[in-house]
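# model the structure of this input:
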Amino acid sequence: MDAIWILAAIFGAACQTARSAFQKNMISRLGDYGAAYIRFCYALPFTSLIWLSWLFFSGNPVPILSNYSILFCLIGSTFQVLFTYVLMQVFSHKSFATGIAFSKTEVILIAFLEVVILHVIFSMPLILGILLGAISVLFLSFAKKSTTVIGTFKLLFSSMTSIGTLIGLLSGLLLAASVVTFRMAIISVDAPLLDKSLYISFIAITFQTIFVGLYLFLYKRKQFSAVFKYWKPSLPAGIFGTGATFGWFVAFGLATAAEVRAVGQIELIFSILISIMIFKEKIKRTEFIGIMLLAISILIIIFEKT
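Next up is the predicted model:
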């Protein structure tokens, strides 16, 4: 079962990397909020199709959700929407890079919430892997601006007092809360793993599509219209968004959220590889060091769990 959640987390990370690339490509036509919305609205048809097809071919009944399961799902969905909104504020802020960097502290925050709320106990190797991964991600976020390791860390520490840092930490906390409550929703359902993962993802994406769509319709009407005007180039974001959600939710049903998201940080390595292979960007020595540290942190977690 350990191999399943690790593969599911890597699959989720790969799909999320692709989804983010398509969203970024659509910002010029849809605006920030419109590009954020396509991850929900164009994932809904595919999520619905997969869930209904699974129900038909498996012959299993619809999982019965308790009030707590539904509550956790809706709370997780709301936190994810709030995370998306705060992240949009980061995009428009002058401390953009700093905000994005510190939003990636989510894994440490997830681990903290799981210890406090779910009373999870992590082994020392797992703690080491999680901390090293978080440091590596922060290091990589500043590596492009410096040619030395010391210079990169100086940039990292000097940015800690900026407003961008606070916004980034807030977005990371919201994402952490979303991930933990989604996991609580999944593990609270007494049903086969695929059944409950697909059903919870269907409920979450339906709620988010309606909730965010209503906000855009009322306050960002032009972006809301653009989402449907440019539906064809927006579809891949929905397809890969569906894959990402499914991968994460399956993994959450088998391992702690902190472990899943720590392995899922391989997404950053995927993003850098895409930049090198597709956009022909050159990698700095400091970035290579950051990639190696992140890879080591992921391997520590994988070997500890297998």
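# switch to C-alpha atoms for all contacts and neighbour counts from now on
Fine.
# my guess is residue 87 contacts residue 171. True?
Yes. Here residue 87 reaches residue 171: they are 6.2 Å apart, a contact under CA atoms under 8 Å.
# more neighbours, those two?
Under the criterion of other CA atoms under 10 Å, the comparison of residue 87 against residue 171 puts residue 171 first, with 30 against 23.
# I'd say that one and residue 80 touch.
No. Taking contacts as CA under 8 Å, residue 171 lies outside contact range of residue 80: 9.3 Å.
# correct me if wrong: residue 191 contacts residue 61.
No. Counting by CA under 8 Å, residue 61 is not a contact partner of residue 191; they are 9.4 Å apart.
# higher neighbour count, those two?
Taking other CA under 10 Å, residue 191 and residue 61 do not tie; residue 191 has more neighbours (17 against 10).
# where does the more buried one sit: helix, strand or coil?
Classification of residue 191 by DSSP: H, G, I helix; E, B strand; the rest coil places it in coil.
# and it, what does it touch?
Taking CA atoms under 8 Å, 6 or more residues apart in numbering, we find residue 191 in contact with 63-64.
# any idea how far it is from residue 185?
Computed as CA to CA, to the nearest Å, the residue 191 to residue 185 distance reads 12 Å.
# so where does residue 121 fall, helix or strand?
Assigned by DSSP states H and E, residue 121 belongs to neither a helix nor a strand.
# double-check it against residue 112; I have them as touching.
No. The pair residue 121 and residue 112 fails to qualify as a contact (CA under 8 Å) at a distance of 10.3 Å.
# the protein: helices as residue ranges?
Applying DSSP state H to the chain gives helices spanning 2-41, 44-58, 67-91, 96-103, 106-117, 124-143, 149-158, 163-187, 193-219, 221-229, 231-252, 257-264, 266-277, 285-305.
# just say which of the ones you listed is most tucked in.
helix 257-264 (a mean of 27; mean count of other CA atoms under 10 Å).
# so which other helices or strands are in contact with that helix?
The helices and strands touching helix 257-264, judged by 3 or more CA pairs under 8 Å, 6 or more residues apart in numbering; DSSP states H and E, are helix 2-41, helix 106-117, helix 124-143, helix 163-187, helix 231-252, helix 285-305.
# just send those helices back as TSV, with mean pLDDT too.
Formatted as TSV, the helices and strands packed on helix 257-264 follow (pLDDT from 0 to 100):
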stretch	mean pLDDT
helix 2-41	90
helix 106-117	93
helix 124-143	89
helix 163-187	90
helix 231-252	95
helix 285-305	89
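# export those to TSV and tack on distance to residue 211?
TSV is the format used below for these (distance: least, CA to CA, whole Å):
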stretch	distance to residue 211
helix 2-41	10
helix 106-117	24
helix 124-143	31
helix 163-187	16
helix 231-252	17
helix 285-305	35
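# nearest to residue 72, out of those helices?
For those, the distance to residue 72 is smallest for helix 163-187, at 5.1 Å, taking CA to CA.
# counting contacts, what elements does that closest one pack onto?
Applying 3+ CA pairs under 8 Å, 6+ apart, we find helix 163-187 packed against helix 67-91, helix 96-103, helix 106-117, helix 193-219, helix 231-252, helix 257-264.
# quick one: that helix to chain centroid distance?
Taking CA atoms, centre = their mean, to the nearest Å, the mean C-alpha location of helix 163-187 is offset from the chain mean by 10 Å.
# and that helix with helix 193-219, angle?
Here the directions of helix 163-187 and helix 193-219 differ by 140 degrees (axes from the mean of the first three to the mean of the last three CA atoms, to 10 degrees).
# how close does residue 151 get to residue 258?
29 Å.
# re earlier: which one of the helices and strands packed on helix 257-264 lies closest to residue 66?
That would be helix 163-187 among the helices and strands packed on helix 257-264, by CA to CA, at 9.3 Å.
# so which of the helices and strands packed on helix 257-264 gets nearest residue 274?
Closest of these to residue 274 is helix 2-41, at 9.2 Å (criterion: CA to CA).
# pull the residues that contact stretch 116-123.
Counting by CA under 8 Å, 6+ apart, 114-115 sit against stretch 116-123.
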